[in-house]
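Enquirer: The following comprises the amino acid sequence and a computationally predicted model.
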Amino acid sequence: MKSVQYRFWFVSIAALTAFLITLRLGFWQLHRAQEKQSLQDSIALQAQLPALDATAVQSNQHNPTAILHRKAVFKGRWLSQHTLYLDNRQMNGKPGFFVITPFELEEKSLGERRNILVQRGWVARNFMDRTQLPQIPTETEDLSIVGRIAPAPSKLYEFNEDTQGKIRQNVTIADLEKEFNLKLFKFSILQLDSESSNVNKDGLLRQWAQPNLAIEKHHGYMFQWWALSTLIAGLYFWFQIIKPRRKPKN
C-alpha cells in the first residue's frame, strides 16, 4: 500500500514539475515573440522617417540604434580602388558577390574627412573562373547616393580566413580602416536604387531582404511547449485519476 502511495506522489510531483516547466517555456517564447514584434515595428517605423544627411549620421555615430534602418542621402565620391567582392552571397536565391566600396563624404560640416562603407548591391559570379571579377561601372565624379543605414556586412562561415585580394569571404570595418587607412563609420549603408541616372548604370541588383526577426519561429516553439504541457496533463489525469477509478468490465 505504501509503495502504491509513494509511486502516486512521485509521479504526481514529476508530472507537475514537467507541466510547470513546459508551461513556463511556452510563456517565455511568447514574451520573446512580443519583444521581437516590438523591435520589428520599430524597424518599420524607422524606415518611414525622413532621410538623414551626413551631418545627422555623424551626430548619431555613437548611438547607431537610433539611426539603423533609416534612409540616408550622402554626397561624395567612390573610392573605387578599395572595391571588394564578398563571395558566396545570395540574392533571390542565386549565389554571387556583394560589392562593397568605401564612399568619401564631401560634407564640410563634419570637421574631418569621413567615409562610410557602402554595400552597393549583388552581381553574378563567373562559375567557370572564380577569380574573374565582374566589371562594375563606377562614377569617378562627385555624386549623391541613397541607402539604408545597416550594420556591417554579415559574416559567413569560412574554413580559411582570407584577408587579402579583391575577393573576400568576410570583412570587418575595423580591419578595413587599418588596411585602407580610412576613417570609417562603424556601420554601413545598403545602397538603394535611385531615379538618378548616374546611380543605376552599374548593373547591380539591390533587392535587399527586409530585416526579419523570425517572430513566427517563437510562436511555433510556444505552441510546441504548450502542446507538450497539455499532453503531460492529459496523460497524468488519464493514468493517475481516471483509469484507476474505472470499473473493469465483466
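Expert: Received the coordinates, thanks.
Enquirer: buried set for stretch 127-145?
Expert: Burial within stretch 127-145, assessed by neighbour count using 16 or more other CB atoms under 10 Å, is assigned to 133, 136, 138, 143, 145. Any C-beta I mention is one placed from the backbone N, CA and C, and that applies to glycine too.
Enquirer: Got phi/psi on Trp78?
Expert: Trp78 has phi and psi values of phi -80, psi 140 when expressed as degrees, to the nearest 10.
Enquirer: quick one: contacts for it?
Expert: By CB atoms under 8 Å, 6 or more residues apart in numbering, the residues touching Trp78 are 101-104, 138-140, 143.
Enquirer: now, among those, which is nearest to Leu184?
Expert: When these are ranked by distance to Leu184 (CB to CB), Pro102 comes first, at 6.7 Å.
Enquirer: re the thing from before, of the contacts of Trp78, just say which sits nearest to Lys166.
Expert: Nearest to Lys166 among the contacts of Trp78: Thr101, at 11.3 Å, using CB to CB.
Enquirer: from what I can see the closest one touches Asn115, true?
Expert: No. The criterion here is CB atoms under 8 Å, and Thr101 misses it with Asn115 at 10.0 Å.
Enquirer: can you list residues touching both of these two?
Expert: Counting by CB under 8 Å, 6+ apart, the shared contacts of Thr101 and Asn115 are Leu79.
Enquirer: What strands flank the longest strand seen in the chain, and is each parallel or antiparallel?
Expert: As assigned by DSSP state E, the longest strand anywhere in the chain is strand 94-105. Next to strand 94-105 in the sheet, as set by DSSP bridges, lie strand 71-78 (antiparallel), strand 84-91 (antiparallel), strand 115-124 (antiparallel).
Enquirer: Excluding covalently adjacent residues, which one is nearest to the residue nearest the centre of the chain?
Expert: Geometric centre of the chain, nearest residue: Pro211, 5.9 Å, by CA atoms, centre = their mean. Distances taken as CB to CB, 6 or more residues apart in numbering put Ile43 closest to Pro211, at 5.2 Å, once the chain neighbours are dropped.
Enquirer: residue ranges with poor pLDDT in this structure?
Expert: Low-confidence segments of the chain (pLDDT under 70): 1-2, 4, 107-112, 158-163, 195-200, 247-250.
Enquirer: Domain-wise, how is it divided?
Expert: The record's domain split for the chain, according to automatic domain parsing, is 2-43+214-245, 70-202.
Enquirer: Straight-line length of the last one, end to end?
Expert: Terminal residues of domain 70-202 lie 24 Å apart, using CA to CA, to the nearest Å.
Enquirer: Pull the distance from that domain to the chain's centre.
Expert: Its chain's C-alpha centre and that of domain 70-202 lie 17 Å apart, by CA atoms, centre = their mean, to the nearest Å.
Enquirer: The shortest one too?
Expert: Centre-to-centre, domain 2-43+214-245 and its host chain are 30 Å apart (CA atoms, centre = their mean).
Enquirer: Next: stretch 66-78.
Expert: On CA atoms, centre = their mean, the centre of stretch 66-78 falls 18 Å from that of its chain.
Enquirer: Sort out which residues of that stretch are buried, please.
Expert: For stretch 66-78, the neighbour count (16+ other CB under 10 Å) marks 67-72, 74, 76, 78 as buried.
Enquirer: repeat for stretch 36-54
Expert: Buried residues in stretch 36-54, counted by 16+ other CB under 10 Å: 36, 40, 43, 46, 52, 54.
Enquirer: name the element the second one belongs to?
Expert: It refers to Gln40. Gln40 is part of helix 2-48 when elements are defined by DSSP states H and E.
Enquirer: that older thread, among the buried residues of stretch 127-145, which lie within strands?
Expert: The strands, defined by DSSP E, take in 143, 145 from those.
Enquirer: between the buried residues of stretch 127-145, which is closest to Gln61?
Expert: Taking CB to CB as the measure, Gln61 sits nearest to Ile145 out of the buried residues of stretch 127-145, at 18.2 Å.
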